[in-house]
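Peer 1: How does the following fold in three dimensions:
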Amino acid sequence: MFITNAFAATAAASPTDTLMSFLPLIVIFVLFWFMIIRPQMKRSKDQIKMIAALQKGDEVITSGGQVGRVVKVDEQFVSLEIAEGVVTNVQKSSVQTMLPKGTIKAI
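Peer 2: Modelled structure (predicted):
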C-alpha cells in the first residue's frame, strides 16, 4: 500500500531525437548569423574600403559630427578643413561617412 510500483526505464534516446532536441538551437544560430553577424561584417568591410579610398578633396563626416573637406591623408591621420583656414587632424578610423561633392556648400 505504501510502496509504489517500479517502472522499467525507457529506452535510450535515438540519434534522431538528439538531433531534434538541438534543432531549435541550430535554427536560432542560423537566423542570428543572417540577421546580425553577416550584415555587420558587410558594413565593416565597406567602411574599411571607404577609409582606404580617402583622397584629397573628399567631403566627409567624422564620428564626432565634424563635417569637412579632406586636405591631407597620412597613414593613420586625415587633415580636415572644417572652415576657411581652419584645419583639424583626426584619425582615419573616425571618418564615418563620405559625402557627395558640393554638400558642404549646400549646408
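
Peer 1: low-scoring stretches of the chain, by residue?
Peer 2: Counting by pLDDT under 70, the chain has low-confidence residues at 1-14.

Peer 1: can I see the domain layout of it?
Peer 2: 12-53, 55-106 (automatic domain parsing).

Peer 1: Would you format those domains as JSON lines with mean neighbour count included?
Peer 2: Bear in mind the C-beta positions are built from the backbone N, C-alpha and C, glycine included. Listed next are the domains of the chain as JSON lines, based on neighbours: other Cβ atoms under 10 Å:
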{"stretch": "domain 12-53", "mean neighbour count": "10"}
{"stretch": "domain 55-106", "mean neighbour count": "14"}
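
Peer 1: Please state the backbone phi and psi of residue 97?
Peer 2: Main-chain torsions, residue 97, degrees, to the nearest 10: phi -140, psi 140.

Peer 1: Identify the spatial nearest neighbour of it, chain neighbours not counted.
Peer 2: What sits nearest to residue 97 in space, not counting adjacent residues and going by Cβ to Cβ, 6 or more residues apart in numbering, is residue 61, at 4.6 Å.

Peer 1: and the one you found, what are its phi and psi?
Peer 2: Backbone geometry at residue 61, expressed as degrees, to the nearest 10, gives phi -120, psi 130.

Peer 1: beta partners for it?
Peer 2: On DSSP bridges, the residues paired with residue 61 through beta bridges are residue 67, residue 97.

Peer 1: if I read this right, it contacts residue 94, doesn't it?
Peer 2: No. Using Cβ atoms under 8 Å, residue 61 is not in contact with residue 94; the gap is 9.9 Å.

Peer 1: If anything else comes up later, I'll come back, but that's it for now.
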